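Undergrad: next come a sequence and a model predicted from it.
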Amino acid sequence: MKKILVTTGGGDCPGLNAVLRGISRAALTHGGYEVWGSMEAFNGILKEPSELLKLSKKRTAGIHVRGGTIIRTTNKGNPMAYPIKQKDGTFKVIDRTLELAEKIKNEGFDSVINIGGDGSQKISQALFERGVHIIGVPKTIDNDLSATDRTFGFATAVQIATDCFDKLVTTAESHHRVIIMEVMGRDAGWIALHTAIAGGAEICLLPEIPYSIDKVLGVINGRYTKGRGFANIVISEGARPIGGTVVGSEAQDDDAHVKLGGVANLLRHQLESAGCEAQVRSTILGHIQRGGTPMAYDRILATTMGVKAFEMVVSGQFGQMVSFRNNKLTAVPISKAISEYNYVDTDHYLVQAARKTGVSFGD
């Protein structure tokens, strides 16, 4: 029996369990393979003793409808820059990729399927260069990997955000208020853009288009007559005013990620300081966009990506990532997948469509 190690790294995402099930079922149908999960990304295999979970038919039965991941995940423990706490309480980072590659080999694994976003696939490339037989599967609600048309989890995140936005529209109208809703996305505004169009937002603020507070206020004022009216704004967590910076907390010693969040509150303060006469309220959706049952589209995409990843293992397409292009599943080099970030192009057809339906981007 050949052994496959599967990992889920980075933020959790609707559809992760469906990928695990897809890989496990494909391996069972093919025969000759065992599938094991490493708990909390590569941390599980690095531990002594290793913390692994066999992804049997019984263990993966019915998990495609569940959010999260049964093998857990983490943003910490990047083997390329692994945080080690020293005696004085400070942290230093070391490269553990060679050690990890040796551990994978010593545990008897013939190949690895790494399910994750941009950061996780950079780890995949590093391990591939260390001789690991590895396949990548693109996972992120942010849809910010450029080598694939769509990542699973994105559609569910947009649906959750749209459902929330619809509810905020009615309360904004009832109270004649301006309501700002902040969504995730980091440096890419795809969730905000799709939600704004689906929900009929008046204003959509993206990381790719720095906003002018005067332009935003002008749009709001145009929505009010004698104190009556309302306005709804979607803002991406990575958005920033012209000449400003993103809002978030600094990275910690054991976690290199800057935690974005709070730009909705900044925008509310800016509007109030600029003399906005309407009451302004802000809502930050946060991790609600990651949780819960994945919608049918993401279950299907995730399952088929899992099957494709297993097929790539069998055919020896290592150093490649599963890609969904032109309604077909294919493979691209991991090095290409991580070479370019998938920003929203300011000339993208969705941006143009939004403008033509009256959405302002604050520019």
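TA: Nice, thanks for sending it over.

Undergrad: counting neighbours, what do you get for the closest residue to Arg299 other than its chain neighbours?
TA: Nearest in space to Arg299, with sequence neighbours left out and distances taken as Cβ to Cβ, 6 or more residues apart in numbering, is Ala18 at 4.9 Å. In this view, the C-beta of every residue, glycine as well, is placed from N, C-alpha and C. With neighbours defined by other Cβ atoms under 10 Å, the count for Ala18 comes to 26.

Undergrad: okay, and Ala18 sits in which element?
TA: Using DSSP states H and E, Ala18 sits in helix 16-30.

Undergrad: quick one: average confidence on that helix?
TA: Over the span of helix 16-30, the pLDDT mean works out to 98.

Undergrad: now stretch 51-70
TA: For stretch 51-70, the mean per-residue pLDDT is 97.

Undergrad: please point out which parts of it sit buried.
TA: 51-53, 55, 59-60, 63-64, 66-70 (16 or more other Cβ atoms under 10 Å).

Undergrad: for Arg223, see how far away the residue nearest to Arg299 is.
TA: With distances taken as Cβ to Cβ, to the nearest Å, Ala18 is found 41 Å from Arg223.

Undergrad: neighbours of Cys204, how many?
TA: Around Cys204 there are 28 other residues, counting by other Cβ under 10 Å.

Undergrad: contact partners for it?
TA: With contact set as Cβ atoms under 8 Å, 6 or more residues apart in numbering, Cys204 has these partners: 189, 192-193, 196, 233-235, 354, 359-361.

Undergrad: what's the answer for Thr293, then?
TA: The neighbours of Thr293, taking Cβ under 8 Å, 6+ apart as the test, are 14, 65-67.

Undergrad: right, and Gly229 touches Val178 too?
TA: No - Gly229 is beyond contact range of Val178, at 9.2 Å (criterion: Cβ atoms under 8 Å).

Undergrad: which one of the two has more residues nearby?
TA: Neighbour count, other Cβ under 10 Å: between Gly229 and Val178, Val178 has more, with 29 against 17.

Undergrad: just grab the bridge partners of that one for me.
TA: Using DSSP bridges, the bridge partners assigned to Val178 are Ala231, Val280.

Undergrad: go on, Ile4?
TA: Under the criterion used (DSSP bridges), Ile4 bridges to Val35, Ser111.

Undergrad: what's the burial count for it?
TA: For Ile4, the number of neighbouring residues by other Cβ under 10 Å comes to 24.

Undergrad: same check on Ile284?
TA: Close neighbours of Ile284, defined as other Cβ under 10 Å, add up to 18.

Undergrad: please apply the same query to the one 10 residues further on.
TA: For Pro294, the number of neighbouring residues by other Cβ under 10 Å comes to 26.

Undergrad: same question, Ser315
TA: 10.

Undergrad: residue contacts, it?
TA: With Cβ under 8 Å, 6+ apart as the criterion, no residue contacts Ser315.

Undergrad: what segments of the protein are helices?
TA: Along the chain, the stretches classed as helices by DSSP state H are 16-30, 43-46, 57-60, 97-106, 118-129, 154-175, 190-199, 213-221, 263-273, 296-315, 334-337, 349-356.

Undergrad: pick the most buried one from those.
TA: Using mean count of other Cβ atoms under 10 Å, the stretch among the helices of the chain with the greatest mean number of neighbours is helix 190-199 (a mean of 25).

Undergrad: output the contacting helices and strands for that one.
TA: In this structure, helix 190-199 packs against helix 154-175, strand 178-183, strand 203-205, strand 231-236, helix 349-356, with contacts taken as 3 or more Cβ pairs under 8 Å, 6 or more residues apart in numbering; DSSP states H and E.

Undergrad: what angle sits between that helix and helix 154-175?
TA: Between helix 190-199 and helix 154-175, the angle formed by their directions is 50 degrees, by axes from the mean of the first three to the mean of the last three Cα atoms, to 10 degrees.

Undergrad: export helix 190-199 as CSV, just CAs?
TA: Provided in CSV are the C-alpha atoms of helix 190-199 (Å, rounded to 0.1, in the frame of the first residue of the first chain):
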residue,chain,number,x,y,z
TRP,A,190,-13.3,39.9,-4.6
ILE,A,191,-15.7,39.1,-1.7
ALA,A,192,-16.6,42.8,-1.3
LEU,A,193,-17.1,43.3,-5.1
HIS,A,194,-19.3,40.3,-5.5
THR,A,195,-21.3,41.1,-2.4
ALA,A,196,-21.8,44.7,-3.5
ILE,A,197,-23.2,43.7,-6.8
ALA,A,198,-25.4,40.9,-5.4
GLY,A,199,-26.7,43.1,-2.6
